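Engineer: below is the structure, and that's it, no one-letter string:
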Ligand SMILES: Cc1ncc(COP(=O)(O)OP(=O)(O)O)c(N)n1
Ligand SMILES: Cc1ncsc1CCOP(=O)(O)O
Ligand SMILES: [Mg+2]
């Protein structure tokens with residue numbers, strides 16, 4: 001995949017939002033996010049019909065702005081909606097199983113160590129998510145923050161494999177994350193809680209535009 005798609009990768013679910021979620025997503029799309037992940041999970045999240053309707057509404061907005069719509073965890077939803085891709089973690093469905101059912105979709109995988117990285121690449125992942133880099137309040141079961149060390153190591157071992165970094169990334173630290181080798185940054189709270197989504201995204205984009 002073209003790593004530029006990962007440049008500013010916004011992840012959102014209703015539980016993360018302060019403003020109406022679809023307003024936040026549309027503002028983020030207007031401001032130039034390059035990828036969106038639908039991640040409706042956590043205490044108080046939508047279920048059933050409301051979950052699917054919300055997903056469809058997010059997908060429609062992404063289509064209007066030509067931004068890839070990626071579904072977190074829920075392979076059946078990704079296939080039902082014909083999403084552009086799926087993001088899976090180590091506890092989620094094996095990549096090879098999903099690839100067999102969706103040849104042309106983007107597959108992202110979370111990795112935390114060299115073994116997981118090697119397996120993700122070998123299994124045909126299109127990109128990896130590395131993190132949490134810094135402490136995060138948006139994922140209750142997140143692993144301890146890893147800092148930039150593992151990201152730098154993976155970049156040196158895989159000079160051109162698409163990598164997005166995640167976890168506690170904001171306007172202040174985004175550039176050091178990019179310098180450490182990330183093609184892009186993936187964020188939840190810094191956009192969901194911003195009082196100036198356009199300004200925040202401009203700063204997150206950094207020098208690479
Ligand atoms: C881009 C990106 N990177 C990492 C994750 C985390 O995925 P996972 O470890 O499966 O955790 P959940 O998000 O499912 O709670 C991600 N979602 N996106
Ligand atoms: C989903 C996920 N996976 C690792 S950290 C994280 C949450 C990132 O959210 P924030 O940008 O608010 O720290
Ligand atoms: Mg997951």
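Structural biologist: Thanks, I have it. Predicted, not measured: the structure shown is a model, and the values here were computed from it. Residues are numbered from 1 along each chain as shown. Ligands and ions are numbered 1, 2, ... in the order given.

Engineer: just give me the neighbour total for residue 24.
Structural biologist: 21 (other CB atoms under 10 Å). Heads up, the C-betas are built off the backbone N, CA and C, glycines and all.

Engineer: now swap in residue 117 and tell me
Structural biologist: Residue 117: 22 neighbours (other CB under 10 Å).

Engineer: quick check: residues of the protein near ligand 2?
Structural biologist: Selection of the chain residues close to ligand 2 by CB under 6 Å from any ligand atom yields 131-132, 136, 138-139, 142, 166-169, 187-190.

Engineer: so which two of those are the farthest from each other?
Structural biologist: Greatest spacing in the residues of the chain next to ligand 2, by CB to CB: 142 and 190 (15.6 Å).

Engineer: was I right to think residue 24 contacts residue 12?
Structural biologist: Yes - under the criterion of CB atoms under 8 Å, residue 24 makes contact with residue 12 at 6.7 Å.

Engineer: mutual contacts of the two, please.
Structural biologist: The contact sets of residue 24 and residue 12 overlap at 191-192 (CB atoms under 8 Å, 6 or more residues apart in numbering).

Engineer: what's the burial count for the residue in the chain positioned nearest to ligand 3?
Structural biologist: Here the chain gets closest to ligand 3 at one residue, residue 89, 3.3 Å apart by CB to the ion. Neighbours of residue 89 under the rule other CB under 10 Å: 16.

Engineer: and what of residue 64?
Structural biologist: Per other CB under 10 Å, the neighbour tally for residue 64 reads 10.

Engineer: ok, now residue 126?
Structural biologist: 20.

Engineer: same question for the one 5 residues further on.
Structural biologist: A count of neighbours around residue 131, defined by other CB under 10 Å, yields 26.

Engineer: roughly how far does it sit from residue 67?
Structural biologist: Relative to residue 67, residue 131 is positioned 21 Å away (CB to CB, to the nearest Å).

Engineer: how about residue 117, secondary structure?
Structural biologist: Under DSSP: H, G, I helix; E, B strand; the rest coil, residue 117 falls in the helix class.
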